[in-house]
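1. return atomic coordinates for the entry below.
(chains A, B, C and D)
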2 protein chains.
Amino acid sequence: MAATLKDVALAAGVSIKTVSNVINDYEHIRAETKQRVMEAISELGYSPNLSARSLRSGRTGVIGLAVPELSLSYFAELADSIIKAAGRRGLKVLIEQTGGDRDRELEILSSPRLQMTDGLLFSPLGMSNEDAHHLDVNFPLVLLGERIFGGPTDHVTMSNVESARAATAHLLSKGRRRIAVVGGHQGEVIGSAGLRLRGYRQALDEAGIPFDPALVAYATLWHRANGATSMRELLGSGVEFDAVFGMNDTLALGAMRVLQEAGRKIPDDVAVIGFDDLDEGRYSLPTLSTIDPGRIEIADTAVLVLQERISGREADLPPREFETRFRLIERESSALPA
Amino acid sequence: MAATLKDVALAAGVSIKTVSNVINDYEHIRAETKQRVMEAISELGYSPNLSARSLRSGRTGVIGLAVPELSLSYFAELADSIIKAAGRRGLKVLIEQTGGDRDRELEILSSPRLQMTDGLLFSPLGMSNEDAHHLDVNFPLVLLGERIFGGPTDHVTMSNVESARAATAHLLSKGRRRIAVVGGHQGEVIGSAGLRLRGYRQALDEAGIPFDPALVAYATLWHRANGATSMRELLGSGVEFDAVFGMNDTLALGAMRVLQEAGRKIPDDVAVIGFDDLDEGRYSLPTLSTIDPGRIEIADTAVLVLQERISGREADLPPREFETRFRLIERESSALPA
DNA sequence: CGCTCATCCTACAACGTTGTAGACTCACGT
DNA sequence: ACGTGAGTCTACAACGTTGTAGGATGAGCG
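-> Numbering: from 1, shown residues only, chains lettered A, B, ... in the order given. Modelled structure (predicted):
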């Protein structure tokens, strides 16, 4: 059906290796020969069989990206950035969804399907730091996210503690003193929730404000519904607060919804800040203050680092840790009360 | 590095073909032999080289999905559903982003990169009906969306006209008479905007209400920002309206934001309905009435149909058109005024 | 004039898998 | 005793590509 090197070689009157050489920009080819081969190629509509090429070369030009779910906006936007970053480097992206399930995550680390890819960008949610040894696989792997630190692979992450501290300090600077947290994970130390909570507490400490556990609402999943539920719990508990730090934008938006339903004015009664800088927060009512964790930088760095490991040039380097720069984005939800 | 059939064959004391047969569940193998091979496989940690397999078999087990952008929530949720549907059928998904750009879309239809996949699910945005002939490619292709009808390939689409009519009729049933539209495409007949506008007009006709062009705000892109801008234009134009039909949820949410900013109460002053049933609309303030276009059914059908074409069993069938069932979801934004 | 060396090209093998054809064994019916 | 056929296994070729080794040609140089 499709034309092969052989067909082109026949049409151009050269050997198949010469055609291959033309395609791969081998330098010692007569201009006239090259011309002839090029014509045959376009005439036959030839394009290389990538399975054969990858069998021979051991490279597929495809990287895997494993994320919990694309319907979580953060991961959708991350995937977007990663596909673009990969595209700039000539790579395609195959996406796996783990659902944030530990077993599924472990399975992906040992799945034969991954042979179709040169390496994997892996953003676990169900695995914890004790699972770090499972990352010691025999293919190039770059870890994303905050579930595991000090693992055996390169790791790209955001400045969770510092940015959460900045977010909290921002609320404090607006005169808020009772800052509720939505989306904590019970007992977590490492992980987005644990780290961001640590930043929150640091900011409180610096301001000399005692930490009140009653202000922390827990939510295992970070969907909109959980933000709404957590806020209902907070309101129901009767605890007083004048600000909310959402562990991510989605939670913050769900919480805002419930706050407004309950008649609390944002930001006058309650200031709100989120985390992730989703597009959505730019058009909510009110617009949502947030932390931009440097998503594009995360994507660029991750793809670059993975490509380095794939190329093998950096094979001897020990695992590296990259932390991106964050940015506080001030919008309406955290303005000074009128 | 990695073990091959040869290594396993050596370890098990059989020919490589026998190992291959075991892997492919060939039936006539002695239980004892099978056992021995299986042990060798797990001992060596063998897993098949998929490049070689796909070179030999002509199948990769990967399908491509080309969408405008994952940061558009609709496509993120669609991609989510498609990855899940593909997973159920043992397929992996490689995602391309076109940015909704016609040139990029045409390029993807002829890209050699696609050889790494068995077929393509293609959701164009920049191409128009006149480009239909570009879909006549020599690989399995299933068209998604509303840009092109009557093309040379199978096509899975939603019931745009009927569901838009139902959405409009729903607003009419709540006593609304001046229904603004956000997100029209100037002069478009085919395409989500054109079809949904047709449904809108049909509902007006049935209710005996004349169509007022001044009520239609145009927006080429369907991002949140465009919904906001369109609504600002409508408000600025001074045209009166008591309801808004957003061509999609994202537009509707952007428009709601501006409406509320301008002091219009939803649904008391203005009722709003969107289209797509994004998770977001379930937690907005107010919650957003919408059309569920049957995303999961779209994903399932598309993957099934593509797989049929890939398998070649249905190769002789003429292009088929599939239209999914929609569902009107009534939430707060379109309730009767107090 | 003959040697060296760069240039341009080719033949062949190999990547790891599966399809094809066929060899061998053994039970069965004639 | 002998063909038949089902069951079990193997050798070999092929998928389309690229790496290796080397052949042919001609320019440059002593």
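
2. grab the nearest non-local neighbour of the residue nearest the centre of chain A.
-> Nearest to the geometric centre of chain A sits residue A:78, at 4.4 Å (Cα atoms, centre = their mean). When the adjacent residues along the chain are set aside, residue A:78 lies closest to residue A:295, with 6.0 Å between them (Cβ to Cβ, 6 or more residues apart in numbering or on different chains). In this view, the C-beta of every residue, glycine as well, is placed from N, C-alpha and C.

3. residue contacts, the one you found?
-> For residue A:295, the contact set (Cβ atoms under 8 Å, 6 or more residues apart in numbering or on different chains) comprises A:77, A:78, A:81, A:276, A:277.

4. before we move on, what about residue A:21?
-> Contacts for residue A:21 (Cβ under 8 Å, 6+ apart) come out as residue A:29.

5. now do it against residue A:28, distance only.
-> From residue A:21 over to residue A:28 the distance is 8 Å, taken as Cβ to Cβ, to the nearest Å.

6. what does residue A:246 give?
-> From residue A:246 across to residue A:28, the span is 62 Å (Cβ to Cβ).

7. looking at the two, which has the bigger crowd around it?
-> A count of neighbours by other Cβ atoms under 10 Å in any protein chain shown puts residue A:246 above the other of residue A:246 and residue A:28, at 33 against 5.

8. tell me the contacts of that one?
-> For residue A:246, the contact set (Cβ under 8 Å, 6+ apart) comprises A:182, A:183, A:227, A:252, A:253, A:255, A:272, A:273, A:274, A:275.

9. run a quick neighbour tally on residue A:118.
-> Number of residues near residue A:118 (other Cβ under 10 Å) recorded here: 22.

10. check contacts around it.
-> Taking Cβ under 8 Å, 6+ apart, we find residue A:118 in contact with A:59, A:60, A:61, A:62, A:63, A:91, A:139, A:140, A:310.

11. return a PyMOL selection command for the buried portion of the residues you listed.
-> Here is the PyMOL selection string for the buried members of the contacts of residue A:118, based on 16 or more other Cβ atoms under 10 Å in any protein chain shown:
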select buried, chain A and resi 60+61+62+63+91+139+140+310
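
12. show me the contacts of residue A:118 that map onto helices.
-> If you go by DSSP state H, the contacts of residue A:118 have residue A:310 in helices.

13. when you check chain B, which of the contacts of residue A:118 turn up near it?
-> With Cβ under 8 Å from any Cβ of the partner chain as the criterion, the subset of the contacts of residue A:118 in contact with chain B comprises A:60, A:61, A:62.

14. domain assignment for chain A?
-> When chain A is parsed with automatic domain parsing, its domains come out as A:5-48, A:62-158+A:295-325, A:160-292.

15. any idea how far the residue nearest to residue A:132 when sequence neighbours are not counted is from residue B:311?
-> Here the nearest residue to residue A:132 in space, its sequence neighbours aside, is residue A:151; by Cβ to Cβ, 6+ apart that works out to 4.1 Å. Taking Cβ to Cβ as the measure, residue A:151 falls 41 Å from residue B:311.

16. show me which of these two is the more surrounded one.
-> residue A:151 (20 against 12).

17. give me the low-pLDDT residue ranges for the stretch 51-200 of chain A?
-> Within the stretch 51-200 of chain A, the set of residues satisfying pLDDT under 70 comprises A:112-114.

18. got the residues of it near chain B?
-> Taking Cβ under 8 Å from any Cβ as the contact definition, the stretch 51-200 of chain A meets chain B at A:51-52, A:54-55, A:60-62, A:69-71, A:73, A:76-77, A:79-80, A:83-84, A:87, A:92-97, A:112-113, A:115-116, A:138.

19. now, those residues that are in helices?
-> Counting by DSSP H, those contribute A:51, A:52, A:54, A:55, A:73, A:76, A:77, A:79, A:80, A:83, A:84, A:87 to helices.

20. number of nearby residues for residue A:280?
-> By other Cβ under 10 Å, 25 other residues sit near residue A:280.

21. what's near enough to touch it?
-> A:73, A:249, A:250, A:253, A:288, B:73, B:224, B:253, B:280.

22. dump those to JSON lines, plus distance to DNA strand D.
-> Compiled in JSON lines, those are given as follows (distance: Cβ to the nearest atom of the strand, whole Å):
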{"residue": "A:73", "distance to DNA strand D": "40"}
{"residue": "A:249", "distance to DNA strand D": "45"}
{"residue": "A:250", "distance to DNA strand D": "45"}
{"residue": "A:253", "distance to DNA strand D": "49"}
{"residue": "A:288", "distance to DNA strand D": "49"}
{"residue": "B:73", "distance to DNA strand D": "39"}
{"residue": "B:224", "distance to DNA strand D": "44"}
{"residue": "B:253", "distance to DNA strand D": "48"}
{"residue": "B:280", "distance to DNA strand D": "46"}
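
23. take those and keep only those in helices.
-> Secondary structure defined by DSSP H assigns A:73, A:249, A:250, A:253, B:73, B:224, B:253 of the contacts of residue A:280 to helices.

24. among the residues you listed, who's most crowded?
-> Comparing the ones in helices among the contacts of residue A:280 by number of neighbours (other Cβ under 10 Å), residue A:250 comes first, having 29 neighbours.

25. nearest spatial neighbour of that one, skipping sequence neighbours?
-> Distance criterion Cβ to Cβ, 6+ apart; nearest residue to residue A:250, sequence neighbours excluded, is residue A:224 at 5.3 Å.

26. mind listing the strands for the stretch 101-250 of chain A?
-> Using DSSP state E, counting those that start in this stretch, the strands assigned to the stretch 101-250 of chain A run over residues A:119-122, A:141-144, A:154-158, A:179-184, A:216-218, A:243-246.

27. with distance to DNA strand D as added columns, please give those in CSV.
-> Written out in CSV, the entries for these read as follows (distance: least, Cβ to the nearest atom of the strand, whole Å):
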stretch, distance to DNA strand D
strand A:119-122, 19
strand A:141-144, 25
strand A:154-158, 26
strand A:179-184, 49
strand A:216-218, 54
strand A:243-246, 50
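
28. pick the most buried one from the ones you listed.
-> Here the criterion is mean neighbour count by mean count of other Cβ atoms under 10 Å in any protein chain shown, and of these the winner is strand A:243-246, at a mean of 31.

29. buried residues in stretch A:218-236?
-> Of the residues in stretch A:218-236, A:218-219, A:221-232, A:234-235 count as buried by neighbour count, 16+ other Cβ under 10 Å.

30. for the residues you listed, which one is nearest DNA strand C?
-> Within the set of those, residue A:221 lies nearest DNA strand C; the separation is 39.1 Å, counting by Cβ to the nearest atom of the strand.

31. how about the helices in the stretch 151-300 of chain A?
-> Along the stretch 151-300 of chain A, the stretches classed as helices by DSSP state H, counting those that start in this stretch are A:160-173, A:192-206, A:224-237, A:249-261, A:295-311.

32. which of these sits most buried?
-> Sort the helices of the stretch 151-300 of chain A by mean neighbour count, taking mean count of other Cβ under 10 Å, and helix A:249-261 sits at the top with a mean of 26.

33. enumerate every residue touching residue A:99.
-> Contacts of residue A:99 were listed using Cβ under 8 Å, 6+ apart, and they are A:68, A:69.

34. that one belongs to a helix?
-> No. Secondary structure of residue A:99 (DSSP: H, G, I helix; E, B strand; the rest coil): coil, not part of a helix.

35. now it: how far from residue A:221?
-> Residue A:99 sits at a distance of 10 Å from residue A:221 (criterion: Cβ to Cβ).

36. look up how far residue A:38 lies from the residue nearest to residue A:167 when sequence neighbours are not counted.
-> Nearest residue to residue A:167, sequence neighbours excluded (Cβ to Cβ, 6+ apart): residue A:273, at 5.0 Å. Plainly put, residue A:273 is 58 Å away from residue A:38 if you go by Cβ to Cβ.

37. same deal with residue A:160?
-> For residue A:160 relative to residue A:38 (Cβ to Cβ), the value is 52 Å.

38. isn't the residue nearest to residue A:250 up against residue B:282?
-> Yes. With contacts counted by Cβ atoms under 8 Å, residue A:224 reaches residue B:282, the gap being 6.8 Å.

39. many thanks, I have nothing further to ask.
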